[in-house]
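Engineer: structure for the following, please:
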Amino acid sequence: MQLFYIQNPESEIILSAEESKHAAKVLRKNEGDILNFTDGKGYFYKAKITVADTRKCRLQVVSSEQKEKQHNYHLHIAIAPTKNMDRFEWFLEKATEIGIDEITPIICHHSERKAIKTERCNRILLSAMKQSLKFHLPKLNEAITLKDFLKQDFEGNKYIAHCEEGNKTELKEKKKEKRTLILIGPEGDFSPTEIEMALQNQFKAVSLGTSRLRTETAGIIAAHTINIK
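Structural biologist: Presented below is the predicted three-dimensional model:
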């Protein structure tokens, strides 16, 4: 199934020039053909092409259906952007495919990247949602310092995955809750001060295994562990 995205669907849909070309020229769709859409908020639409124009394709919505999420939990991963942006974008793509609801880029003491291109990252999330045939678009928050992020309220399990020695439990052994927040640090890990700040804010220290992982790998392991629990 080919899935298109429309942010605010109405009875008539007009595709962008890029998506019009994809539908009418690449996919060779004609008037009367049905295209599948999602709004990223859990709704699935079927729309019939009324004008198969490669620059301005028009469609009429014929049906809509609310879809349940494919995972029965809310996962929020706050992760430090990697120095190599390709690796962070890979995390966004794969985490969306696995199942994630919210992502916050956090700036830490050892962070080598202080900012991200939010618009580009949202395009990657959108593409991954469509490719994996999901109907809920993960929310990407603006980058924020870890110190400020820890001041925010969150209901549910709160974990920090770090590489320092100490009393840690395997994430896979933790009881699964409906809402989970996991902190993933930069390539140089969280500083001891940052770890202590998180613990003082009721985060629990967890381990993702015996290997020392890259930031983006740790994020994927965390997402996958919550998904299969």
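Engineer: quick check: bridge partners of residue 3?
Structural biologist: Note on residue 3: beta-bridge partners residue 36, judged by DSSP bridges.
Engineer: what residues does it make contact with?
Structural biologist: Contact analysis of residue 3 by C-beta atoms under 8 Å, 6 or more residues apart in numbering lists 36-38, 130, 133. For every residue, glycine as well, the C-beta is placed using N, CA and C.
Engineer: pick out the most distant pair among these.
Structural biologist: Farthest pair in the contacts of residue 3 (C-beta to C-beta) is 37 and 133. Separation: 12.2 Å.
Engineer: may I see the contacts of residue 3 organised as CSV, with distance to residue 9 and neighbour count added?
Structural biologist: Formatted as CSV, the contacts of residue 3 follow (distance: C-beta to C-beta, whole Å; neighbours: other C-beta atoms under 10 Å):
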residue, distance to residue 9, neighbour count
36, 12, 14
37, 7, 22
38, 9, 23
130, 15, 21
133, 18, 14
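Engineer: which single one of these is nearest to residue 102?
Structural biologist: Ranked by distance to residue 102 (C-beta to C-beta), the contacts of residue 3 are led by residue 38 at 18.0 Å.
Engineer: how about the nearest residue to that closest one once chain neighbours are set aside, phi and psi?
Structural biologist: Of all residues not flanking residue 38 in the chain, residue 135 sits nearest, at 4.5 Å (C-beta to C-beta, 6 or more residues apart in numbering). Main-chain torsions, residue 135, degrees, to the nearest 10: phi -120, psi 10.
Engineer: surely residue 135 and residue 42 touch.
Structural biologist: Yes: using C-beta atoms under 8 Å, residue 135 is in contact with residue 42, at 5.3 Å.
Engineer: no more questions from me, cheers.
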